[in-house]
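Enquirer: Got a sequence here, can you model it:
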Amino acid sequence: MKALVYDGVETLGFRDVPDAVPQNGEQLIKVEAVGICGSDMHAYLGHDARRPAPLILGHEAAGVITGGAQDGQRVTVNPLVNCGTCPACTSGRENLCPDRQIISMMPREGAFAQYITMPAANLVAVPDDVPLDKAALAEPLAVSWHAVRLALEALHPAMDKRALVIGGGAIGLAAALALRAMGVDDITIAEPNETRRAFLKKRCGEDAVGDATGQFAIVIDAVGYGATRATASALAQPGGVIAHVGLGEDSGGLDVRRMTLQEITFIGTYTYTAQDFRDTAQAIFEGRLGPLDWTQSRPLSQGFAAFQDLRAGTVAAPKIILTPWS
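Expert: Numbers count the residues shown, from 1 in each chain. Alright, predicted model coming up:
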C-alpha cells in the first residue's frame, strides 16, 4: 500500500510500505480522509521524541471497513487505544490510561496511508448522509469538546460564560464551536495570522474574531506557548478557568501568583474520553457543530507540499484533509 512517511526533520516521502494486517479484534479500514494535526507538524519539525523517523503519521481518520461481517461500514476512528482494565479506563477516563497508545506514535503506525487497522471498539459508525471528510474531524473536534466540557464543569455557576479562545487553528476553532454547542454565546477567537483571521471572520462573523483584551471567565489556550499562557493567566477573570490544550512549548508564561491570589483554575487537558469522542461524533452527525466547511482537501500524494505550506503559514484554512484515494 502507499503511505506518506516521516523520514526526518521536514522530510516526508510518499512510497510503498508493507500492507496493514489486522490482528485479533481489529478491523482493516480503507482510509478515505485523514487530517493534518498540529502534533503531526511538531513531529515533522523534529520536536516530538515520541514520533521518531521513519514513521507514518496521521491520526484524524475516517474510512470504510474492508472485509469481515462489517465490510463496507463507514466509520470514524478514535485513535486512542487503551488497556480497558485499569482504574482510569474503568472510570471512563481512558485518556489517562498509563498504557494508552495512539496511532501515529510508536509503536502504532498512523493513518497517512491507504489502510490502517484498529480495534473494533475504537470505531464509530458514520451515517450515509455524512461525508467522510467531515467525519474525520471527530478527532480534533473531540479534543476541544473534552477541554470545553472540563472548563464548564469547573466554572462556578455564579460566573458569567464569556469565553476567549487563544488560537484560530483547528483546535481553537473547534473549541469555539464546542462552546457554542454547549450554550456559550459570548466567544472571542484571538488569532494573529492575518490570512487566518480573514478566513475565520468569513466563517464565524466579524465579531467572533478579535484581540485578546478584557477579562474572561473561560480561557481556552489552543496554542500552548509561553506567550499564550501569559495571556491566559492575565486575562482570566478572578475565579475563572483556563483550559490548556496546546502543546507548543513545555514551560513558561503562567503568572502563578495572580492565579493563586485570584483563585483561577488551570486545567491541563489531553485528548478525550471514549464518551467525549462518541458525543462529538454524534454532534457532527446532528449538525450541532455547524457546517464544518473550513477544511481544504489535498491528495495524500501531495502531503509533503501541504506540510511545507503549513510550515510557511500560507494556508488560510484551519485544517487540511488528505485523501489517500484521490
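Enquirer: The stretch 151-300 of the chain: strands as residue ranges?
Expert: Along the stretch 151-300 of the chain, counting by DSSP state E, counting those that start in this stretch, strands occupy 163-166, 187-190, 216-221, 236-244, 265-268, 295-299.
Enquirer: Mind checking what helix or strand follows the last one in sequence?
Expert: Read it as strand 295-299. helix 303-312 (DSSP states H and E).
Enquirer: angle of that following helix against strand 295-299?
Expert: Orientation of helix 303-312 against strand 295-299 (axes from the mean of the first three to the mean of the last three Cα atoms, to 10 degrees) gives an angle of 140 degrees.
Enquirer: what is the mean pLDDT for helix 303-312?
Expert: The pLDDT scores in helix 303-312 average 96.
Enquirer: who does that helix touch, helix- and strand-wise?
Expert: Applying 3 or more Cβ pairs under 8 Å, 6 or more residues apart in numbering; DSSP states H and E, one finds that helix 303-312 makes contact with strand 11-16, helix 38-44, strand 319-323. C-beta: built from backbone N, CA, C; applies to glycine.
Enquirer: what angle sits between it and strand 11-16?
Expert: 160 degrees.
Enquirer: sorry, back to before: let me know which of the strands of the stretch 151-300 of the chain is tucked in deepest.
Expert: Neighbour counts (mean count of other Cβ atoms under 10 Å) averaged over each of the strands of the stretch 151-300 of the chain peak at strand 163-166, with a mean of 30.
Enquirer: how distant is it from the center of its chain?
Expert: 16 Å (Cα atoms, centre = their mean, to the nearest Å).
Enquirer: Distance to Gly67 and mean pLDDT for the strands of the stretch 151-300 of the chain - can I get that in CSV?
Expert: Listed next are these as CSV, based on distance: least, Cβ to Cβ, whole Å; pLDDT from 0 to 100:
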stretch, distance to Gly67, mean pLDDT
strand 163-166, 42, 97
strand 187-190, 43, 94
strand 216-221, 41, 98
strand 236-244, 41, 98
strand 265-268, 40, 98
strand 295-299, 25, 96
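Enquirer: Out of these, flag the one nearest Pro127.
Expert: In terms of Cβ to Cβ, the element of the strands of the stretch 151-300 of the chain nearest to Pro127 is strand 295-299, at 18.9 Å.
Enquirer: what's the angle between that closest one and strand 319-323?
Expert: Using the same axes, to 10 degrees: strand 295-299 against strand 319-323 is 30 degrees.
Enquirer: So which elements touch strand 295-299?
Expert: Here strand 295-299 touches strand 319-323, going by 3+ Cβ pairs under 8 Å, 6+ apart.
Enquirer: what does the average pLDDT come to for the strand it packs on?
Expert: Mean pLDDT, strand 319-323: 97.
Enquirer: now swap in stretch 134-154 and tell me
Expert: Taken as a whole, stretch 134-154 has an average pLDDT of 98.
Enquirer: Pull out the buried positions in it.
Expert: Neighbour counts over stretch 134-154 (16 or more other Cβ atoms under 10 Å) mark 134-152 as buried.
Enquirer: In JSON lines, list the helices and strands packed on helix 303-312 along with distance to Cys83.
Expert: What follows is these, written out as JSON lines (distance: least, Cβ to Cβ, whole Å):
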{"stretch": "strand 11-16", "distance to Cys83": "32"}
{"stretch": "helix 38-44", "distance to Cys83": "22"}
{"stretch": "strand 319-323", "distance to Cys83": "30"}
